[in-house]
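[1] Pasted the sequence and its predicted model underneath.
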Amino acid sequence: MVTVTNLLELEEISKSFGEVSALEGVSLAVGDNEIVGLLGDNGAGKSTLIKIITGFHAPNSGTITWKGQRLTHLTVQHARDLGIETVYQERALADQQSLWRNIFMGRERTTRLGLLDVGEMRTETEKLMVEFLRFTSQAVTPETEVATMSGGERQGVAIARALHFEAELIILDEPTMGLSVTETRKTLDFVREIKAAGKSCIFIDHNIFNVHEVVDRVVLVDRGHVVGEFKTAEITLLDLIARMQHVAETGSIENAEKGVTT
Ligand SMILES: Nc1ncnc2c1ncn2[C@@H]1O[C@H](COP(=O)(O)OP(=O)(O)OP(=O)(O)O)[C@@H](O)[C@H]1O
Ligand SMILES: [Mg+2]
């Protein structure tokens, strides 16, 4: 028998903040080279789940397994070392610094004498810009201050950085929030690049159209519970919308088919 080990497995995760129960018995798996979309209303528990995966919050109960190894007392640093990277739109980059400094922040290249190898970092940044970012703006160079870049460009830089440093699981928590239609398209393209690079991704977005377009599997979260899971190839967008409406109305996926119009 062949056993397939998932990249990440969460089992029966619960988390409460005082009286507030944010997650109750949540199980979630992310496979190798799989893009998983998390969909759910405000307060459903999506960000809390992400913060548990990135070692920011410790769960009250439940287990986290990475490549078949149980993780206990996961810290932010440990998660990073494992190759789990989170991209937040606004907080990801240092505004007043150049593009190349942002790419190499905390992982600077040095010469044999221990000095910053600025030339090397500029050259690598330029390569990333040509091969991955494909910025159309002539104004952007490795020296460009990040503060002057658009939201979509910044998003791309953060994802490029994660890929460049061999992240295995890239988590995007509402990356398209506040972006224009064109910039949103670009961000979705970057998610496709994560897939093409052979890596995995958890993609959170309130816009079901964005999610359905780029993910392999959708996980529906409602009031701290996982209430449904669908492979994108096996469900149409209309079907998915109907099921989500059913969940919103009843808090359950049961009999959701009745809400589907054909
Ligand atoms: N640090 C915290 N302290 C207290 N309560 C919290 C904390 N973080 C989250 N919560 C609560 O946990 C629940 C889940 O919040 P969470 O941020 O995970 O939702 P979400 O699905 O990411 O929502 P949104 O779509 O609005 O981002 C909410 O009721 C929220 O108020
Ligand atoms: Mg959130």
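    Sure thing, it's come through. Ligands and ions are numbered 1, 2, ... in the order given.
[2] contacting residues around the residue nearest in space to the middle of the chain?
    For the chain, the residue sitting closest to the mean C-alpha position, by CA atoms, centre = their mean, is Ile171 at 2.0 Å. Ile171 makes contact with 50, 53-54, 84-87, 201-202, 204, according to CB atoms under 8 Å, 6 or more residues apart in numbering. For glycine as for every other residue, the C-beta is placed from the backbone atoms N, C-alpha and C.
[3] Show only the entries of the residues you listed found in helices.
    50, 53 (DSSP state H).
[4] doesn't Ser137 fall inside a strand?
    No: when DSSP: H, G, I helix; E, B strand; the rest coil is applied, Ser137 is found to be coil, with no strand at that position.
[5] who's in contact with it?
    Glu153.
[6] go with 10 Å
    144, 148-150, 153 (CB atoms under 10 Å, 6 or more residues apart in numbering).
[7] check which helix or strand covers Leu128.
    Using DSSP states H and E, Leu128 maps to helix 118-128.
[8] How about that helix, which residues are buried there?
    121-122, 124-125, 128 (16 or more other CB atoms under 10 Å).
[9] what number of residues lie near Arg107?
    By the criterion of other CB atoms under 10 Å, Arg107 has 10 neighbours.
[10] what's the offset of the helix or strand of the chain with the lowest mean pLDDT from the middle of its chain?
    Here the helix or strand of the chain ranked lowest by mean pLDDT, DSSP states H and E is helix 151-164, holding a mean of 82. Chain-centre distance of helix 151-164: 12 Å, with CA atoms, centre = their mean, to the nearest Å.
[11] circling back to that earlier point, any idea what the residue nearest to the centre of the chain is bridged to?
    Thr86, Ile202 (DSSP bridges).
[12] Now do it against Phe132, distance only.
    In this view, Ile171 and Phe132 are 19 Å apart by CB to CB, to the nearest Å.
[13] Excluding sequence neighbours, find me the nearest residue to Cys76.
    Actually, residue 76 is Val rather than Cys. Once flanking residues are discounted, Val76 sits nearest to Gly55: 4.4 Å by CB to CB, 6 or more residues apart in numbering.
[14] So what's the residue count around the one you found?
    Other residues close to Gly55 by other CB under 10 Å number 20.
[15] And for Leu74?
    Leu74: 20 neighbours (other CB under 10 Å).
[16] Roughly how far does it sit from Val146?
    Leu74 is 30 Å from Val146, by CB to CB.
[17] for the protein, what's the longest helix?
    helix 181-196.
[18] what stretches of the stretch 151-262 of the chain score poorly on pLDDT?
    In the predicted model, the stretch 151-262 of the chain carries pLDDT under 70 at residues 254-262.
[19] repeat that with 90
    151-166, 174-187, 190, 193, 206-207, 235, 240, 243-262 (pLDDT under 90).
[20] residue ranges for the strands of the stretch 1-150 of the chain, please.
    For the stretch 1-150 of the chain, the strands defined by DSSP state E, counting those that start in this stretch cover 8-17, 20-30, 35-39, 61-66, 69-71, 84-87.
[21] any idea which of the ones you listed scores lowest on pLDDT?
    Lowest mean pLDDT within the strands of the stretch 1-150 of the chain: strand 84-87, a mean of 88.
[22] Look up how far Thr123 lies from Asn207.
    Distance from Asn207 to Thr123, counting by CB to CB: 37 Å.
[23] Minimum distance to ligand 1, which residue of the stretch 51-200 of the chain gives it?
    Glu174 (6.6 Å; CB to the nearest ligand atom).
[24] And for that residue, the neighbour number?
    If we define neighbours as other CB under 10 Å, then Glu174 has 16 of them.
[25] Which residue is the nearest non-sequential neighbour of it?
    Going by CB to CB, 6+ apart, Glu174 has Ile204 as its nearest residue, at 5.6 Å.
[26] Counting by contacts, list what the helix or strand hosting Val219 packs against.
    Using DSSP H and E, Val219 maps to strand 217-222. Other helices and strands packing on strand 217-222, by 3 or more CB pairs under 10 Å, 6 or more residues apart in numbering; DSSP states H and E, are strand 20-30, strand 35-39, helix 46-53, strand 200-204, helix 208-214, strand 225-231, helix 237-250.
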